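>>> got a predicted model here, sequence first, then my questions.
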Amino acid sequence: MAIGTRPDPGLVDALVARCAVEPNFFVREMLTWALTRLPAEITVPRLLAELRSERAQARGQALHTLSKIGDGGAWPAITRSLLHDADDEVARSAWRAAVVLVPAGERRGLAEDLAAQLGRGDRNVRLSLSRALVALGDVIEPILRAAQASEDPAVRAHARATERLSRDPDSGFDLAVDEAKRIVALGREPGREPDQEPGQEPGEGPTC
């Protein structure tokens, strides 16, 4: 707190190094806050270097701090390997940073990359991914529709839950997931008869 209150550029290396090893979440948040108080031209290059670290916490905390700084020049460093990092916490941090830093013209490409991971991880991971997708806006609509045709029921349910979350952010993710799982288990769209094809009117015969 003292360092953030009286920013000293000479301490940036010490702050970044501590981010990589500090076990306490709240202390790491304070470290990030102190780094955001320093000039971006000093902190961003140091944080970008951390993205190549073999230590997962170093990568994750650097991504988190970059998302708080919001310097669009860091966008090219948010690589596909980070977005698909094997460590769930790193990947979640990468998703959050990506939606903050992505240029408007690359939002659809990012949405496609994120949607490729629908069905990944536990409830917290899936919620983070859904929130990241929703934050990208309307570009996700056709991507989620395509994902709802996946052969993987976990992908279909996650895509449906994300779509509902985008329409009604107050509905609650768990309720959206539960509804999506029921729909997937029944094998049909809401309001569609069991043998009715997508886009077909009720009562019409199956398409060839």
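Cool, got the structure. Numbering: from 1, shown residues only.
>>> where does the residue positioned nearest the centre of the chain fall, secondary structure wise?
Nearest residue to the geometric centre of the chain (Cα atoms, centre = their mean): Trp95, 3.2 Å. Applying DSSP states H and E as the criterion places Trp95 in helix 88-101.
>>> equivalent analysis for Arg18, please.
Counting by DSSP H and E, Arg18 is part of helix 12-19.
>>> give the buried residues for that helix.
12, 15-16, 19 (16 or more other Cβ atoms under 10 Å). Glycine gets a C-beta too; all of them are placed from N, C-alpha and C.
>>> do you know how far the residue nearest to the centre of the chain is from Met30?
From Trp95 across to Met30, the span is 23 Å (Cβ to Cβ, to the nearest Å).
>>> can you list the weak-confidence ranges in the chain?
For the chain, the stretches flagged by pLDDT under 70 are 170-208.
>>> what does the domain assignment say about it?
1-101, 106-188 (automatic domain parsing).
>>> contacts for the helix holding Trp95 next, please.
With contact meaning Cβ atoms under 8 Å, 6 or more residues apart in numbering, helix 88-101 is reached by 56-57, 59-61, 63-64, 66-67, 70-72, 74-75, 78, 82-85, 110, 114, 117, 120-122, 124-125, 128-129, 132, 135-136.
>>> and those residues, which are buried?
56-57, 59-61, 63-64, 66-67, 71, 74-75, 78, 82-83, 85, 110, 114, 117, 120, 125, 128-129, 132, 135-136.
>>> okay, and which of those residues map to helices?
56-57, 59-61, 63-64, 66-67, 82-83, 110, 114, 125, 128-129, 132, 135 (DSSP state H).
>>> quick one on the thing from earlier: for the helix holding Arg18, the distance to its chain's centre please.
Distance, stretch centre to chain centre, for helix 12-19: 25 Å (Cα atoms, centre = their mean, to the nearest Å).
>>> remind me what whichever helix or strand comes after it packs against, helices and strands.
Next along the chain after helix 12-19, taking DSSP H and E as the criterion, comes helix 25-36. Applying 3 or more Cβ pairs under 8 Å, 6 or more residues apart in numbering; DSSP states H and E, one finds that helix 25-36 contacts helix 2-5, helix 12-19, helix 40-50, helix 56-69.
>>> export those to CSV and tack on distance to Leu165?
Converted to CSV, the helices and strands packed on helix 25-36 look like this (distance: least, Cβ to Cβ, whole Å):
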stretch, distance to Leu165
helix 2-5, 34
helix 12-19, 31
helix 40-50, 30
helix 56-69, 20
